[in-house]
Every structure is written in structure tokens, then in C-alpha cells.
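Trainee: give me a model of this one.
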Amino acid sequence: MTIELHTWNTPNGRKISVALEEMQLPYTVKTVNITKGEQHAPDFLRISPNNRIPAIVDPDGPDGPDGQPISIFESGAILLYLGEKTGKFLPASLRDRVPVLEWLMWQMGGFGPMPGQVHHFRMVEAECDRRYALKRYSDETRRLYRVLDTRLAQVEYVADELSIADFAILGWAWRHERHQVSLDDYPNVKRWYEALFARPAVKRGFEVKLDDLV
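Mentor: Residues are numbered from 1 along each chain as shown. All right, here's what the predicted structure looks like:
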């Protein structure tokens, strides 16, 4: 059956649409307009109690067509679930899985929260409120890009083989212009970014409409 993707057009939402396309899983988009507070609706809170997008509902559950439905919230948890369910982009051996988990957690803990703060403070009007915070989070965001660039100087993808960690990071690298970051300053990130966007499934994952805006 078809997975329901409850989301909006954000970096975290794009992680999941890319993964679903790459894993060739059928899905439908259920928009959650976060600009109108729809993330606080009781129906959505039943599947995402932290009132954040994305969330998914898999009618088949992890066991296939005869299984019980399951809902998952938090984008990292969704990626791990989809990787386990399909056996794709998540290595079977623990040794090979470790770098996937490391870089997935790196994204969830840093390369998302930090540029997310850049997004926020760029919009603050009062210079006295904006200046310190924007510098702090912009500096940390650029540091994270340098960490990623150093890693990608050594490997083709962040965990060597293409994995859910790449999809997670790409969702946020997609917004590099909003981070006020030029990928020309991070040539290994730029190579990785362009290679991923050359993949048809990744392109579909970014082209699918995740909002109800005209």
C-alpha cells in the first residue's frame, strides 16, 4: 500500500521525499501547512506528538501487506525505518552501518539546527538582536560545511557508499544560499551536491510538490 508523507516544503521534508523516490516506494503527500499552524491539529499530533514535520504513516507496517499500520515522526527515525524496511541505503553489517549513523546524527544534531538558526535570525529586524546571534550561528554553520568538505575529500559519499545519511544532509545543503554559503568555497561538498542532484530519483524528490501554495 501507499505510504502517507505528512510534510511541508522544508529541508526535513525533502529528506524524506528523496529517500522515498530513491527507495522506489509509492507514497502520497499530505500537506501540513506550518505557516497556518496545521502542525498543531489533533489528527497530526496523533502521529507527530512533537508537532513537527515530517511524519509518515505506513499502512503495511514493517512486515509487509499483512502487517499492522505504523506511524513514525522525526526525519532521522523515518530514514532509519525506511532503510530497515527496504534494505536500501542502510548497510546490513554493524561495521558498515556505523558511519551512516554517525553522519546521520551529525546532521540531526548540527547540520540542521545551526543553519536553521541562521534562517531565523536573518529575518530578525532589530540589528541589536540580529548581529550577535547571526554571527554565532553563521560561523558554526560554516564550520560544519568545512567538516563535511573534509570528509568528502576522502570518500565519494559521507559513509563511503550512498546512504540515508546523504539524503539527510542534502536536505539542508539544498538551502545553502539561505545559509549565505557558496559551495564554491567547499569544492568537495559541491562535487557531492552536484552528483546527487544528477540522480533522477533525487531530482524527483525535490520536484514533488510538498505544499499547497500556488
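
Trainee: what about the nearest residue to residue 54 once chain neighbours are set aside, neighbour count?
Mentor: Of all residues not flanking residue 54 in the chain, residue 7 sits nearest, at 3.9 Å (Cβ to Cβ, 6 or more residues apart in numbering). Just so you know, the C-beta spots here come from the backbone N, C-alpha and C atoms, and that holds for glycine as well. Applying other Cβ atoms under 10 Å, we find 26 other residues in the vicinity of residue 7.

Trainee: tell me the contacts of residue 7?
Mentor: Residue 7 makes contact with 13, 16-17, 29-32, 53-55, 210 under the criterion Cβ atoms under 8 Å, 6 or more residues apart in numbering.

Trainee: one more: residue 97?
Mentor: Residues in contact with residue 97 (Cβ under 8 Å, 6+ apart) are 90-91.

Trainee: same thing but 10 Å
Mentor: Applying Cβ atoms under 10 Å, 6 or more residues apart in numbering to residue 97 gives the contacts 80, 83, 90-91, 159, 163.

Trainee: buried sites along the helix or strand harbouring it?
Mentor: Taking DSSP states H and E as the definition, residue 97 sits inside helix 94-109. Buried residues in helix 94-109, counted by 16 or more other Cβ atoms under 10 Å: 97, 99-101, 103-104, 106-108.

Trainee: now do it: distance to the chain's middle.
Mentor: 14 Å (Cα atoms, centre = their mean, to the nearest Å).

Trainee: quick one: list the elements packing against the following helix or strand past that helix.
Mentor: Downstream of helix 94-109, the next assigned helix or strand under DSSP H and E is helix 113-122. When contacts are defined as 3 or more Cβ pairs under 10 Å, 6 or more residues apart in numbering; DSSP states H and E, helix 113-122 packs onto helix 11-22, helix 127-152, helix 164-173.

Trainee: cheers, nothing more for now.
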